[in-house]
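Peer 1: Kindly generate the corresponding structure for this input.
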Amino acid sequence: MTELSSPFLQLKRTPDAEGIFAGYASVFGPPADSVGDIICRGAFAAAIREHTSAKTRPAMLWSHNSAEPVGVWTSFVEDQHGLLVTGKLTLATARAGEAYALLQDGAISLSIGFTLAPFGARERAGIREITKIARLPEISLVAMPANSRARVTSVKSKPTNVREFEHLLRDAGFSSREAKAATAAGWRGIARDERSPLDLVLSKIEQLQRSIEELQNVR
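Peer 2: Here you go, the predicted model:
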């Protein structure tokens, strides 16, 4: 049975002119969402391995409706914070065009559709802690996610100074030391680049994901 959950969306990058956006579709740990679920760190590992092995990816749907795909997920990876995803809206379709505008305004969020693995959850004081998800068939754009705190937290834009660039790196998951070092080493080149620094950060994440997949294939 496919279940639905959206514990806490942090949208790191609203869609650009090509419809590309990124954010956390799920964040680990408390608080529980409106249906009483907490997703634990590592819960998506098996589902991600399944997609990697089969060379598939979750569908990008509108409100969990399989008849309304709105784009593709180009990257989905667990980090220490949650399930970080990058997607591309198919802007030639009417629904994706609507989603594009709504994402820009912060009016919609993400919600995951998943299948729980056998013994993949434990109950504690009325809260279900999900430790293993067997399948992740889709991640949807929705108007009302399960968690009322789900919201857009930052907008993609090119920083105008070194401090803004450093803050963007911190928001993307870099430590204070890493962000300062990257800023000192790369701000001048980034300032001349037409891409947003988040494009570069997300590109690096995708490179790491590909490296992990290659290592898994070698095994």
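Peer 1: quick one: least confident helix or strand in this protein?
Peer 2: In the chain, no helix or strand scores lower on mean pLDDT, DSSP states H and E than strand 151-152, which sits at a mean of 38.
Peer 1: Next secondary structure element downstream of the helix or strand in which F21 is found?
Peer 2: Using DSSP states H and E, the element containing F21 is strand 20-27. Toward the C-terminus, strand 20-27 is succeeded by strand 37-39 as the next helix or strand (DSSP H and E).
Peer 1: If you count contacts, what does the helix or strand that comes right after that next one end up packed against?
Peer 2: Going down the chain from strand 37-39, the next helix or strand is helix 45-54, by DSSP H and E. Other helices and strands packing on helix 45-54, by 3 or more Cβ pairs under 8 Å, 6 or more residues apart in numbering; DSSP states H and E, are strand 65-78, strand 133-142, helix 197-218. C-betas here are computed from N, CA, C, even on glycine.
Peer 1: And the contacts of helix 45-54?
Peer 2: 56-58, 76-78, 114, 117, 132-136, 213, 216 (Cβ atoms under 8 Å, 6 or more residues apart in numbering).
Peer 1: Now do the buried residues in that helix.
Peer 2: Neighbour-count burial for helix 45-54 flags A47, I48, H51, T52 (criterion: 16 or more other Cβ atoms under 10 Å).
Peer 1: which other helices and strands contact the helix or strand that that helix is followed by?
Peer 2: Once the chain leaves helix 45-54, the next helix or strand it forms, by DSSP H and E, is strand 59-62. Applying 3+ Cβ pairs under 8 Å, 6+ apart, one finds that strand 59-62 contacts strand 65-78, strand 133-142.
Peer 1: who does the shortest one pair up with?
Peer 2: Yep, that's strand 133-142 we're talking about. Its sheet considered, strand 133-142 pairs with strand 59-62 (parallel), strand 109-116 (antiparallel) by DSSP bridges.
Peer 1: Check which strands are paired with the helix or strand just after the longest one and give the direction for each one.
Peer 2: Once strand 109-116 ends, the next helix or strand along the chain (criterion: DSSP H and E) is strand 121-124. Here strand 121-124 is paired, per DSSP bridges, with strand 127-130 (antiparallel).
Peer 1: Can you list the buried residues in the partner strand?
Peer 2: Residues of strand 127-130 classed as buried: R128, E129, I130 (neighbour count, 16+ other Cβ under 10 Å).
Peer 1: For it, C-alpha coordinates in PDB please.
Peer 2: Extracted in PDB, the C-alpha atoms of strand 127-130 (Å, rounded to 0.1, in the frame of the first residue of the first chain):
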ATOM      1  CA  ILE A 127       3.900   8.300  17.100                       C
ATOM      2  CA  ARG A 128       5.100   6.000  14.200                       C
ATOM      3  CA  GLU A 129       8.800   6.200  13.600                       C
ATOM      4  CA  ILE A 130       9.500   5.100  10.100                       C
END
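Peer 1: Just give me the lowest mean pLDDT stretch among the strands paired with strand 133-142.
Peer 2: The stretch with the lowest mean pLDDT among these is strand 109-116, at a mean of 87.
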